[in-house]
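S.K.: everything below, folded, please.
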Amino acid sequence: MNYRKIFPAHHAILPVIHVCRQQQALRNVKIARDAGADGVFLIGHNMSSTELLSIHRVVAAEHHDWWVGVNCLGLRPVEVFKRIDDTVAGVWTDNAMIYEHMDPQPDAEEVLAARDAAGWSGLYFGGVAFKYQRHVSDLVPAAQKSAKYMDVVTTSGSGTGHAANVEKIRMMKQALGDFPLAIASGITPENVVDYLNHADCFLVATGISNSFEELNPDRTAALIRNIRNGG
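M.R.: Numbering: from 1, shown residues only. Take a look at the predicted model:
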């Protein structure tokens with residue numbers, strides 16, 4: 001799937017909903033959509049992937065004309081592609097299993113084969129140099145090798161709520177060229193301007209939230225406004 005066909009604007013904003021129950025997910029999705037977000041990711045920390053995907057189906061049905069993706073923590077990417085259907089617009093995994101000094105990439109090839117076998121037509125956001133994963137010693141080849149195996153290379157800072165080093169983002173984007181790069185930690189309405197020249201997509205939770213489970217409508221709107229005005 002071509003990322004730019006789905007998100008033709010210069011930047012895409014995808015708030016991340018930490019799902020704990022169905023009504024909470026629906027409430028926060030509405031906050032994101034009302035603020036002008038391009039879509040959302042649903043992620044489940046303390047629930048099974050089966051429950052998360054069940055809630056996703058409800059959200060996707062209510063917002064059938066909008067983009068709703070998932071991150072199934074605890075499932076290997078191969079397993080995710082075996083369980084989803086075309087109501088899932090996007091899959092995000094924290095570890096796309098790219099090894100910067102290896103060629104070929106057998107683990108990433110396995111994921112690609114599982115995606116092809118599923119016939120799934122959404123966007124795959126693969127984690128590269130991502131928080132809480134293996135340290136990547138050389139960002140340039142890691143980014144370059146990743147482009148073959150996913151639709152959006154997705155990176156982060158050192159932890160949840162931690163902003164990524166701007167030079168790291170600059171290096172990865174330079175290596176990727178026109179290929180899309182997403183940031184999935186530490187973005188706020190106040191610091192997002194620092195990344196607008198180097199990132200295409202922003203997956204944001206902590207920086208626009210009142211709590212782990214609840215988005216702040218004003219901060220969500222401010223983030224989107226600052227991205228649109230700055231980009």
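
S.K.: now do the strands in the protein.
M.R.: Secondary structure of the chain (DSSP state E): strands at 12-19, 39-44, 67-71, 90-93, 123-127, 152-155, 181-183, 201-204.

S.K.: what's the closest of the ones you listed to residue 146?
M.R.: Closest of the strands of the chain to residue 146 is strand 152-155, at 4.7 Å (criterion: Cβ to Cβ). Where you see a C-beta, it was placed from the backbone N, CA and C, and this is true even at glycine.

S.K.: ok, back up a step: can you tell me which of the strands of the chain comes nearest to residue 189?
M.R.: Closest to residue 189 of the strands of the chain is strand 201-204 (Cβ to Cβ; 9.3 Å).

S.K.: and that closest one, what does it pack onto?
M.R.: strand 12-19, strand 152-155, strand 181-183, helix 217-230 (3 or more Cβ pairs under 8 Å, 6 or more residues apart in numbering; DSSP states H and E).

S.K.: mean neighbour count and mean pLDDT for these - can I get that in TSV?
M.R.: Formatted as TSV, the helices and strands packed on strand 201-204 follow (neighbours: other Cβ atoms under 10 Å; pLDDT from 0 to 100):
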stretch	mean neighbour count	mean pLDDT
strand 12-19	25	98
strand 152-155	26	98
strand 181-183	24	98
helix 217-230	18	96
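
S.K.: any chance of these in JSON lines, plus distance to residue 68?
M.R.: Below are the helices and strands packed on strand 201-204 laid out as JSON lines (distance: least, Cβ to Cβ, whole Å):
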{"stretch": "strand 12-19", "distance to residue 68": "9"}
{"stretch": "strand 152-155", "distance to residue 68": "16"}
{"stretch": "strand 181-183", "distance to residue 68": "16"}
{"stretch": "helix 217-230", "distance to residue 68": "16"}
